[in-house]
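Asks: got a structure for you, letters missing:
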Ligand SMILES: Nc1ncnc2c1ncn2[C@@H]1O[C@H](COP(=O)(O)OP(=O)(O)OP(=O)(O)O)[C@@H](O)[C@H]1O
Ligand SMILES: [Mg+2]
């Protein structure tokens, strides 16, 4: 993808290696995520997608190699110095990770309270605003366990947006949803990205989502980048691992 040399990338990952439980899960991954664009990370189960995502906001530190955010190498930074960087990055975790003991409104307002915002009126106004963005206006007092899977995903998305991040990391935002809900969440993500001009990194198994939102795609297999380029380039790839992945989709398994 052509990139403007005057705009530094949001993330720059170089030769990232990570070992977990004696197993090399990332084996020299490099990736450039341009600002304001959407990067999709594809790959089968266990490929290292979630682990890669956890390095982008410094939740995990590289064993070797580096991860930079807007030119700052996260590796040497102490936890305290990571906090202001993490504030710019909203995360939608693979399991949604809502607090069932809190109402929808409390969940969505949580990142603001964590950042020290104490003005209840301001928090309520922002919660109302982001719930409207995801089509859940007026649902503040509901309990997460009383919501459908699709609504829970939308609440998680509202929570990730609450603190007005510059970047969103999504881990399988459509997993566990039926095809119709999955498409509506994908469209919502695509729309939010355009409206808010977010930099986004989305991990997914779902090729439909990739086709809808991706500016660039990374295909991982066993911790190695097998493809980096445009969605069209991926679909034309002759790499057997990628063909297998794409054909599984054509058979309706993705
Ligand atoms: N805490 C851990 N300890 C040991 N191994 C781990 C740990 N977390 C992940 N792994 C291993 O790291 C590899 C990559 O895991 P990761 O969660 O990144 O996969 P993934 O691509 O996100 O898969 P999925 O599509 O199933 O979510 C897997 O082999 C997994 O078993
Ligand atoms: Mg995962």
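Replies: Thanks, I have the structure now. Computed from a predicted model, the values in this text were never measured in an experiment. Residues are numbered from 1 along each chain as shown. Ligands and ions are numbered 1, 2, ... in the order given.

Asks: how about the helices in the stretch 1-150 of the chain?
Replies: Per DSSP state H, counting those that start in this stretch, the stretch 1-150 of the chain has helices spanning 49-56, 79-87, 104-114, 120-133, 149-162. These are given in chain order.

Asks: Determine which stretch of those is the most buried.
Replies: helix 149-162 (a mean of 23; mean count of other C-beta atoms under 10 Å). For the C-beta atoms, the positions are set from N, CA and C on the backbone; glycine is no exception.

Asks: right, is the very next helix or strand once past that one up against ligand 1?
Replies: Past helix 149-162, heading to the C-terminal end, the next element that is a helix or strand (DSSP states H and E) is strand 167-171. No: remark: strand 167-171 sits outside contact range of ligand 1, by C-beta under 6 Å from any ligand atom, the gap being at least 7.3 Å.

Asks: What distance do you get for residue 184 to residue 102?
Replies: Residue 184 sits 25 Å away from residue 102, going by C-beta to C-beta, to the nearest Å.

Asks: Pick out whichever of the two has more residues nearby.
Replies: When neighbours are counted by other C-beta atoms under 10 Å, residue 184 comes out ahead of the other of residue 184 and residue 102, with 17 against 14.

Asks: Quick check: the more buried one is in a strand.
Replies: No: counting by DSSP: H, G, I helix; E, B strand; the rest coil, residue 184 is not found in a strand; it is helix.

Asks: Hmm, residue 149 and it touching each other?
Replies: No: contact status for residue 184 versus residue 149: not in contact, 12.0 Å apart, counting by C-beta atoms under 8 Å.

Asks: List the contacts of residue 10.
Replies: For residue 10, the contact set (C-beta atoms under 8 Å, 6 or more residues apart in numbering) comprises 33-35, 69-70, 166-167, 199.
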